[in-house]
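> Below: sequence and its predicted model.
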Amino acid sequence: AQSVTQLDSHVSVSEGTPVLLRCNYSSSYSPSLFWYVQHPNKGLQLLLKYTSAATLVKGINGFEAEFKKSETSFHLTKPSAHMSDAAEYFCVVSFFSGGYNKLIFGAGTRLAVHP
Amino acid sequence: SAVISQKPSRDICQRGTSLTIQCQVDSQVTMMFWYRQQPGQSLTLIATANQGSEATYESGFVIDKFPISRPNLTFSTLTVSNMSPEDSSIYLCSVEVGGGARLSTDTQYFGPGTRLTVL
């Protein structure tokens, strides 16, 4: 069975400091993994995706994530937080079932960035 | 990628009424999806809408409550029927974009959502 666990419901950082949002997954086979961001009153925007190519994936706005199979993790990082990064972040695993890709969403991590 | 629009962006409705949400995409896509995001919660898939066939509903969602239409490759509607306050949520549509081989690496792109409040 496929599942996603986001280890922190809330993360608070100061502007200019590193961001780490943690995600662990469970999958019966090689997964496709995604990070989406949702800003207040906005839809979901794709940050990055892992598709079994490079284990270190670079996304938009300076975010990146590293796929670690041995740890079943796909943590999202950014070297320096910006105020505009404050949003809800979702880790997602995708698997093919019944003729279509099914997305399983984590519970989300709310990132707060303080001046 | 894909550009997706939804109408209405938000609405406040009375219990017992129905609301139809429209989803328009700027390119032809095979698969469209409808999700619900309850207040403070993550996203839950309601159903998958494939053009030319009946929608496929996830466990806990039924066609009588959430009828879906998919008349062509760029448009879909979701109706929330006989609404109650428990239906207050954000409803999002998404489309799957990929290389055509329907792989797990295909990406879903989401619309801005419809924020529904039922009184």
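Thanks, I have the structure now.
> Those residues of chain B touching chain A, which are they?
Residues of chain B found near chain A (Cβ under 8 Å from any Cβ of the partner chain) are B:1, B:4, B:31, B:41-45, B:48, B:50, B:56, B:92, B:94, B:96, B:102-113, B:115. For glycine as for every other residue, the C-beta is placed from the backbone atoms N, C-alpha and C.
> Name the residues of stretch B:81-93 that are buried.
Neighbour-count burial for stretch B:81-93, counted by 16 or more other Cβ atoms under 10 Å in any protein chain shown, picks out B:Ser81, B:Met83, B:Asp87, B:Ser88, B:Ser89, B:Ile90, B:Tyr91, B:Leu92, B:Cys93.
> same deal with stretch B:107-118?
B:Thr107, B:Gln108, B:Tyr109, B:Phe110, B:Gly111, B:Pro112, B:Gly113, B:Thr114, B:Arg115, B:Leu116, B:Val118.
> Same check on stretch B:30-37?
B:Thr30, B:Met31, B:Met32, B:Phe33, B:Trp34, B:Tyr35, B:Arg36, B:Gln37.
> Sheet partners, orientation included, of the helix or strand harbouring A:Leu33?
Applying DSSP states H and E as the criterion places A:Leu33 in strand A:32-38. Partners of strand A:32-38 in the sheet, by DSSP bridges, are strand A:44-50 (antiparallel), strand A:87-97 (antiparallel).
> need the helix or strand of chain B with the lowest average pLDDT.
When the helices and strands of chain B are scored by mean pLDDT, DSSP states H and E, strand B:107-110 comes last with a mean of 89.
> again with chain A
Going by mean pLDDT, DSSP H and E, chain A bottoms out at strand A:100-105, a mean of 85.
> In three-state terms, label B:Gln41 for me.
coil (DSSP: H, G, I helix; E, B strand; the rest coil).
> tally of neighbours for it?
Look at B:Gln41: counted by other Cβ atoms under 10 Å in any protein chain shown, it has 13 neighbours.
> Could I get the phi/psi values of it?
phi -110, psi 170 (degrees, to the nearest 10).
> now the strands for chain B?
B:4-7, B:10-13, B:19-25, B:31-37, B:43-50, B:56-57, B:68-72, B:75-80, B:89-97, B:107-110, B:114-118 (DSSP state E).
> now the buried residues of stretch B:107-118 in TSV, with distance to A:Thr55?
Shown next, in TSV, are the buried residues of stretch B:107-118 (distance: Cβ to Cβ, whole Å):
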residue	distance to A:Thr55
B:Thr107	19
B:Gln108	22
B:Tyr109	24
B:Phe110	26
B:Gly111	31
B:Pro112	32
B:Gly113	32
B:Thr114	37
B:Arg115	37
B:Leu116	40
B:Val118	45
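> Tell me, what's the model's pLDDT at A:Gly46?
One correction, residue A:46 is Leu, not Gly. Per-residue pLDDT puts A:Leu46 at 92.
> no, scratch that, I was asking about A:Ser27
81.
> residues contacting it?
A:Gln2, A:Thr72, A:Val93, A:Phe95 (Cβ atoms under 8 Å, 6 or more residues apart in numbering or on different chains).
> which ones are touching the nearest residue to B:Thr56 once chain neighbours are set aside?
Spatial nearest neighbour of B:Thr56, chain neighbours left out: B:Thr48 (4.7 Å); criterion: Cβ to Cβ, 6 or more residues apart in numbering or on different chains. Shown in contact with B:Thr48 (Cβ under 8 Å, 6+ apart): A:Tyr100, B:Met31, B:Met32, B:Phe33, B:Ala55, B:Thr56.
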